[in-house]
Each structure stands twice: as structure tokens, then as C-alpha cells.
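here are the coordinates; sequence isn't available:
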Ligand SMILES: Nc1ncnc2c1ncn2[C@@H]1O[C@H](COP(=O)(O)OP(=O)(O)OP(=O)(O)O)[C@@H](O)[C@H]1O
């Protein structure tokens, strides 16, 4: 299994969710976050310490998927979240060891 964390622009959320639903994704977690990338982040020195300023609102999607669905999901997110403008976001993919559906006790691919 893989976990996909995608940081996207908030106005792209509906489009990304619809596109992911079409390729068979059955669940995801969505969080309102703030962040910065290369373009918007700059730092300030205040009383000797360095502070990051200019955090922008973003949406973080988290999806855990069987391996064979992960690449397709990544491609789908890239397509749907792309505007070509600065700050379109990033996708991080990592390995997941276990998944468990609490109601039934099902595990791993059967649980995601
Ligand atoms: N290295 C990182 N680790 C964790 N989160 C990141 C990282 N880089 C970017 N993010 C998150 O992704 C959001 C969008 O990043 P953003 O698209 O601005 O990155 P960028 O590298 O500056 O690319 P671009 O040139 O397209 O603006 C950030 O606001 C932040 O929340």
C-alpha cells in the first residue's frame, strides 16, 4: 500500500475529488493547512531567530491505496490540480505497512 499526500490549491479540491472518484478511489482525508514553497516563502530575522512568513492556505489530501492504484491516482491529481501557476502544490508518496478497517477487522488491501 501507498500513502499519497497531496498539497493543492483550495479552489481545486472539488475537481480533484471528482477526478479521483472517477478512477475508483473510495476514501480520503482532507485537511485545511497552511504552507509555503519556493516562491512564496521568505524568512525574517526577529530578535536573532529566523521566522517563516507568508503562509498560504492550502488543502492537504491523504489517501491510502493498494499499490496498483497509486500511480493512477498520482497522475489524476497532477492533471486535476494543475493550473500552471506558482503554488500548484506537491505530491508525496510513501509506503504504508498496515491498514485496518475498525468495523470489520479487515486488513490491508481489503481495508482501503
Ligand atoms: N518540501 C516540502 N515539504 C512539505 N510541504 C511542502 C514542501 N514544499 C511545498 N510544500 C507544501 O506545498 C504547498 C505548495 O507548494 P508550492 O507549489 O508553492 O511549491 P514550489 O516548490 O514553490 O512550487 P512552484 O514553483 O510551483 O510554486 C506549500 O504551500 C506547502 O504547504
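Received the coordinates, thanks. Because the structure is a prediction, the values reported are computed rather than measured.

alpha carbons only for contacts and neighbour counts from here, please
Will do.

I'd like to know which helix or strand in the protein has the lowest mean pLDDT.
strand 42-46 (a mean of 60; mean pLDDT, DSSP states H and E).

strand partners of the helix or strand containing residue 34, parallel vs antiparallel please.
Here residue 34 sits within strand 29-35, counting by DSSP states H and E. Applying DSSP bridges, strand 29-35 is found paired with strand 56-65 (antiparallel).

so after the partner strand, what's the next helix or strand?
helix 67-81.

mind listing residues that contact that next one?
Residues outside helix 67-81 that contact it (C-alpha atoms under 8 Å, 6 or more residues apart in numbering): 1-2, 4, 6, 8-9, 12-13, 15-16, 19-20, 23, 25, 88, 91.

same thing but at 7 Å, please
Among residues not part of helix 67-81, those counted as contacts by C-alpha atoms under 7 Å, 6 or more residues apart in numbering are 1, 2, 8, 12, 15, 16, 19, 20, 88.

would JSON lines of those with neighbour count, pLDDT and distance to the ligand be doable?
Formatted as JSON lines, the contacts of helix 67-81 follow (neighbours: other C-alpha atoms under 10 Å; pLDDT from 0 to 100; distance: C-alpha to the nearest ligand atom, whole Å):
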{"residue": "1", "neighbour count": "19", "pLDDT": "97", "distance to the ligand": "21"}
{"residue": "2", "neighbour count": "19", "pLDDT": "98", "distance to the ligand": "17"}
{"residue": "8", "neighbour count": "25", "pLDDT": "97", "distance to the ligand": "7"}
{"residue": "12", "neighbour count": "17", "pLDDT": "97", "distance to the ligand": "13"}
{"residue": "15", "neighbour count": "14", "pLDDT": "98", "distance to the ligand": "17"}
{"residue": "16", "neighbour count": "21", "pLDDT": "98", "distance to the ligand": "15"}
{"residue": "19", "neighbour count": "18", "pLDDT": "98", "distance to the ligand": "20"}
{"residue": "20", "neighbour count": "21", "pLDDT": "97", "distance to the ligand": "19"}
{"residue": "88", "neighbour count": "17", "pLDDT": "92", "distance to the ligand": "4"}
